[in-house]
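*Asks:* Model the structure of this input:
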Amino acid sequence: MAASTPNSPTKPPPESEAPGNFPFVGWLRDVAPYIHSFREKTFVIAFAGELVQEIGLERIIEDIAMLHAMGMRIVLVHGIRPQIEEQLTLRQIKSQFGQGHMSGYRITDAAALECVKEAAGELRLDIEAAFSRGLPNTPMAGSRISVISGNFITAMPFGVVDGVDFVHTGLVRKVDSVSIKLSLDSNKIVLLSPLGFSPTGQAFNLSFEDVAVSTAAALKADKIVFLTPYSGLHDEAGDLITELSLAQMQEYIISHPEIPSGMKALLTLSGKAIKAGVSRVHFLPCNRDGALLEELFTHDGVGMMLASSGIENLREANQDDVGGILQLTMPLEEEGILAARGQDVIERDIDRFSVIEHDRVLFGCAALFPFPNGIGELACLVVDPDVQGSGDGERLLKRIEARAKKEGIKKLFVLTTRTEHWFLKRGFMRSSVDDLPEERKQIYNWDRKSMVLTKNLT
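*Replies:* Residues are numbered from 1 along each chain as shown. The predicted structure is shown next:
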């Protein structure tokens, strides 16, 4: 949607008519802001052992290799629960777990620990081998990726709970963040298995979620991405919740006691990561090929994202937003929907703009221009086509109305050529050019014949 402004440019031919314009060009332009934003950021990517069974290692390793090639600092953590079960079955050893609220925790005795070591070692070697592939005609063709793994995790025993000794099941005590950072600085991918070692040399079976969260907290990572078998959280209508704050998550856990114990433990750990300074935690399905790329490089993603507070940010614009505003407005200017506003004009008027951003990417803007006698103009209301219908336009309008009231403006007007009904539904009334302030009437563009709509602010 867009509120029109004066001085319309000549409308060029539609972009779709331009020769040689392949679909991936638009896609690449869409993802470029994400690539720029993620460069040099530290991501902890953790996947459950079930992923190997569902879609195999090849695709996820190729996707992670691409992220690494784009300049992202990657710590990869893998789980091994189904692999442990396979080893136990081969050795005819029965799995043992705690009871009640501890039912999700494995009792790792000496025999089970050998199975844990076997499962972890085998999968770690498979992952390292996958990163070593450089076959032609694959996303990793010609790549030289170095993977570092080692004793980065210091562990402590889980201990005795409700009279049950969990023996070699442990918790993360400390993460060697200095060594991990040195490896990342050397352009390595750090690979962590769910094993830790005590200062006395004992090995402990850890949850990969604990390893991922503890590592991210120690590194002050920008994101944790979990690929797990859990289906995520759903609202009252049964739809997947895509975004929630820490406070919303805590409230959901209290009001939904039916959450599976594994998912509840994952959410609780993730809350600790947010409190420790991790910016975002993403929860993705491990059985969906390409879920990692879809989540990171599309607006809606495919999973759920947890943040310390609201992910969406509605604020006043600054000079750093000029480029983002131009990206939003220029396509509409080319179609003749918006009047031309060059970079100089936007820079001059930047303090009149409000913007809405999502994960540091601009998705909408609007401007307020005051006139005498308590009248103001709402101009340049634009929302990215990919998110129209999400309510961003409504939120921007309310922001402008709030700014107008604060500045003593009693009446708003807007000029539009194509979005009359959108404004009518939101309290605007049809009006005429004669109702415009004299200063605005003098520069009204009669060639565009924009409709005039007004709204009284109370």
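*Asks:* what's the burial count for the nearest residue to Gly121 once chain neighbours are set aside?
*Replies:* Closest residue in space to Gly121, ignoring its immediate chain neighbours: Ser193 at 8.0 Å, by Cβ to Cβ, 6 or more residues apart in numbering. C-beta coordinates here come from the backbone N, C-alpha and C atoms, glycine included. Using other Cβ atoms under 10 Å, Ser193 is surrounded by 25 other residues.
*Asks:* Ser193 against Glu118, yeah?
*Replies:* No: under the criterion of Cβ atoms under 8 Å, Ser193 makes no contact with Glu118, lying 11.8 Å away.
*Asks:* Do a quick rundown of the strands in the stretch 201-350 of the chain.
*Replies:* 203-205, 223-228, 243-245, 280-285, 304-307, 312-316 (DSSP state E, counting those that start in this stretch).
*Asks:* and the fourth one, which residues are buried?
*Replies:* Applying a neighbour-count criterion of 16 or more other Cβ atoms under 10 Å, the buried positions in strand 280-285 are 280-285.
*Asks:* Closest one of those residues to Ile409?
*Replies:* Arg280 (37.1 Å; Cβ to Cβ).
*Asks:* Give the rounded mean pLDDT of the strand ranked longest in the chain.
*Replies:* Assignment by DSSP state E gives strand 361-371 as the longest strand of the chain. Mean pLDDT, computed over strand 361-371, is 93.
*Asks:* strand partners of it, parallel vs antiparallel please.
*Replies:* Strand 361-371 has these partner strands in its sheet, going by DSSP bridges: strand 353-358 (antiparallel), strand 375-383 (antiparallel).
*Asks:* which of those has the lowest average pLDDT?
*Replies:* strand 353-358 (a mean of 90).
*Asks:* Can you tell me what sits against that strand?
*Replies:* 299, 311-317, 321, 324-325, 346, 362-368, 380, 383, 387, 392, 395-396, 399-400, 403 (Cβ atoms under 8 Å, 6 or more residues apart in numbering).
*Asks:* Buried only: go through those for me.
*Replies:* Using 16+ other Cβ under 10 Å, the buried ones in the contacts of strand 353-358 are 311-312, 317, 321, 324-325, 346, 362-368, 380, 383, 387, 392, 395-396, 399-400, 403.
*Asks:* Flag the shaky bits of the stretch 351-458 of the chain, pLDDT-wise.
*Replies:* Along the stretch 351-458 of the chain, the model assigns pLDDT under 70 to residues 359, 390.
*Asks:* longest single helix anywhere in this structure?
*Replies:* helix 110-131 (DSSP state H).
*Asks:* Check which element follows that helix along the chain.
*Replies:* Counting by DSSP states H and E, the next helix or strand C-terminal to helix 110-131 is strand 147-148.
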